[in-house]
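J.: Give me the fold of what follows.
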Amino acid sequence: MPRAMRGLIKGLVTGGVIFLSATINADYPIAGLHPDQRPPGAPTIEWVQHDKAWYENALTGISPPYPKSLYFLDNQGYWYTPFIHPGIPGYYDIRGWHRQ
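T.: Numbering: from 1, shown residues only. Got it, this is the predicted structure:
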């Protein structure tokens with residue numbers, strides 16, 4: 001297949017994907033247009049409740065009494081935080097995530 005033909009096909013496929021993704025998501029609010037404003041109809045999290053198992057996992061390798069610096073966990077939402085996930089194994093595994 002000639003190089004020009006491959007470029008044409010690649011362009012048509014890319015354009016089709018962009019067109020379809022734009023039409024499929026047209027009804028969903030886009031939050032990036034005005035980052036200082038929440039778009040009307042955007043989903044919101046009303047409250048977060050962590051159970052005992054979540055706290056036990058988050059405090060793996062830390063023994064009571066817990067320092068006040070860990071009280072941020074009470075306000076931890078559903079966003080990602082590296083504090084509650086295992087890190088690098090070996091010498092750097094000071095909380096023992098990989099020894100379990």
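J.: Kindly report the domain assignment for this protein.
T.: Per the record's domain assignment (automatic domain parsing), the chain is made up of the domains 1-37, 52-99.
J.: Which one of these has the poorest average confidence?
T.: Mean pLDDT is lowest for domain 1-37 out of the domains of the chain, coming in at a mean of 66.
J.: what are the phi and psi values for G61?
T.: Summarising the backbone geometry of G61 under the convention degrees, to the nearest 10, its torsions are phi 80, psi 0.
J.: Ok, A53 next?
T.: Torsion angles, degrees, to the nearest 10, at A53: phi -60, psi -40.
J.: what does P35 give?
T.: Backbone geometry at P35, expressed as degrees, to the nearest 10, gives phi -60, psi -20.
J.: and P67, what does it touch?
T.: With contact set as CB atoms under 8 Å, 6 or more residues apart in numbering, P67 has no partners. Where you see a C-beta, it was placed from the backbone N, CA and C, and this is true even at glycine.
J.: What separation do you get for the residue most central in space within the chain and P65?
T.: Using CA atoms, centre = their mean, the residue of the chain that lies closest to the mean C-alpha position is Y80, 5.2 Å off. From Y80 across to P65, the span is 27 Å (CB to CB, to the nearest Å).
J.: And Y78, by the same measure?
T.: 27 Å.
J.: what's next to stretch 47-57, contact-wise?
T.: Applying CB under 8 Å, 6+ apart, the external contacts of stretch 47-57 come out as A58, L73, Q76, G77, Y78, I84.
J.: In helices, which of those fall?
T.: A58 (DSSP state H).
J.: Which members of the contacts of stretch 47-57 are classed as buried?
T.: A58 (16 or more other CB atoms under 10 Å).
J.: Closest to Q37 out of the contacts of stretch 47-57?
T.: Distances from the contacts of stretch 47-57 to Q37 were compared by CB to CB; the smallest belongs to G77, at 19.9 Å.
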